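Trainee: Provide a 3D model corresponding to the input given below.
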Amino acid sequence: LLLPAAWAENGAGHSYFKTRTMIGFGAAYQTADADIRASAGDLPEVKVDLDDLGLEREDWSWALEARWRFKPRWMLVGLAYKFDQDGDRSVERDFNFDGKEFIAGASVDTEIAINTYILDVMYSVYRSQKTEILLGGGIHAIDLEASITGRAFVGDQQRERTTGSSEILAPLPNIRAQAFYAFTDHWGFGVSMGWLSANYDDYDGSFIYLHPRIGYSFANRWAITAGYQFVDIELTHQKSRDRESEFNMDFKGPTLFLNYRF
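Mentor: This is a model prediction of the structure:
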């Protein structure tokens, strides 16, 4: 338990072990594959995907992360990831969303936002001068919003305009693991993993998260990390007896973070 204090005094070791707090800001170039459904009433259950709605599959998004080692073996970890996309196209098949029917040939405008907030408490189960392995758990709050507006035209005249929207805010428990290995005082490798699969209240969901990355400490308190992130979300929300929303999505792509440690 006294090793980090000793390293801080003699200046040896990677800055990961010598600092209690880290704040990071980064970006991810994500490739998304998703389908969504918002069923209502007696209308058939129909899923639509990003291609159906004219949304791009690749996009930049921002991310924030922080950690605080409040005791030698205990750490509080927080993360926030955001994915926003909008698009428009003429749909090629009939479908319904949130009780609204959209007919093939209609022009639709779609907006979708997926925000993920993670807060975990971690415990160090193994530590050495170069390695740390932590296990823990906490809450994944998944905030999903989708809005589809359809427009039908007769000649140059707009005949009708209708909007279907759905929103899910799901605070779900998760299990998390994290590991770090210092190659040198400047180079290190880390990996974070998260998992959940549970029924909670009106929610039925699963969440898988994997993020390996390599980091370089270029100054006493500053580091840059590059990695590859994979996220898989499957979430169903039973809003009422005849209303249900479903989001199935996975994201993957490279990440780049700038971290400040103190």
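Trainee: Tell me where this protein has strands.
Mentor: 21-40, 48-49, 58-71, 74-90, 95-97, 100-102, 107-127, 131-154, 157-182, 187-200, 203-217, 222-240, 243-261 (DSSP state E).
Trainee: comparing the ones you listed, which gets the lowest mean pLDDT score?
Mentor: Lowest mean pLDDT within the strands of the chain: strand 157-182, a mean of 81.
Trainee: Pull up the pairing partners for that one, direction included.
Mentor: Sheet pairing here is set by DSSP bridges, and for strand 157-182 it gives strand 131-154 (antiparallel), strand 187-200 (antiparallel).
Trainee: quick one: the longest one to strand 243-261, angle?
Mentor: Per axes from the mean of the first three to the mean of the last three Cα atoms, to 10 degrees, the angle that strand 131-154 makes with strand 243-261 is 130 degrees.
Trainee: List the buried residues of strand 131-154.
Mentor: 132-134, 136-138, 140, 142, 144, 146-152 (16 or more other Cβ atoms under 10 Å). The C-beta positions use only the backbone N, C-alpha and C, and glycine is treated the same way.
Trainee: Stretch 254-261 too?
Mentor: 255, 257, 259, 261.
Trainee: Does the first one touch residue 24 like I think?
Mentor: No: using Cβ atoms under 8 Å as the test, residue 255 is too far from residue 24 to be in contact (10.3 Å).
Trainee: Common neighbours of those two, please.
Mentor: residue 225 (Cβ atoms under 8 Å, 6 or more residues apart in numbering).
Trainee: got a pLDDT number for residue 11?
Mentor: Residue 11 is assigned 49 on the pLDDT scale.
Trainee: Ignore what I typed, I meant residue 221.
Mentor: Looking at residue 221, its pLDDT reads 90.
Trainee: Could I get the phi/psi values of it?
Mentor: phi -120, psi 0 (degrees, to the nearest 10).
Trainee: Now it: closest residue in space that isn't a chain neighbour?
Mentor: residue 261 (5.2 Å; Cβ to Cβ, 6 or more residues apart in numbering).
Trainee: Show the contacting residues for the one you found.
Mentor: 15, 16, 19, 21, 22, 221, 222, 223.
Trainee: sorry, back to before: now the strands paired with strand 157-182 as CSV including distance to residue 169?
Mentor: CSV is the format used below for the strands paired with strand 157-182 (distance: least, Cβ to Cβ, whole Å):
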stretch, distance to residue 169
strand 131-154, 5
strand 187-200, 12
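Trainee: and residue 131, bridged to which residues?
Mentor: Under the criterion used (DSSP bridges), residue 131 bridges to residue 181.
Trainee: so what's it up against?
Mentor: Taking Cβ under 8 Å, 6+ apart, one finds 179, 180, 181, 182 in contact with residue 131.
Trainee: Neighbour count and distance to residue 202 added to those, as TSV?
Mentor: Converted to TSV, the contacts of residue 131 look like this (neighbours: other Cβ atoms under 10 Å; distance: Cβ to Cβ, whole Å):
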residue	neighbour count	distance to residue 202
179	16	35
180	19	38
181	16	41
182	22	45
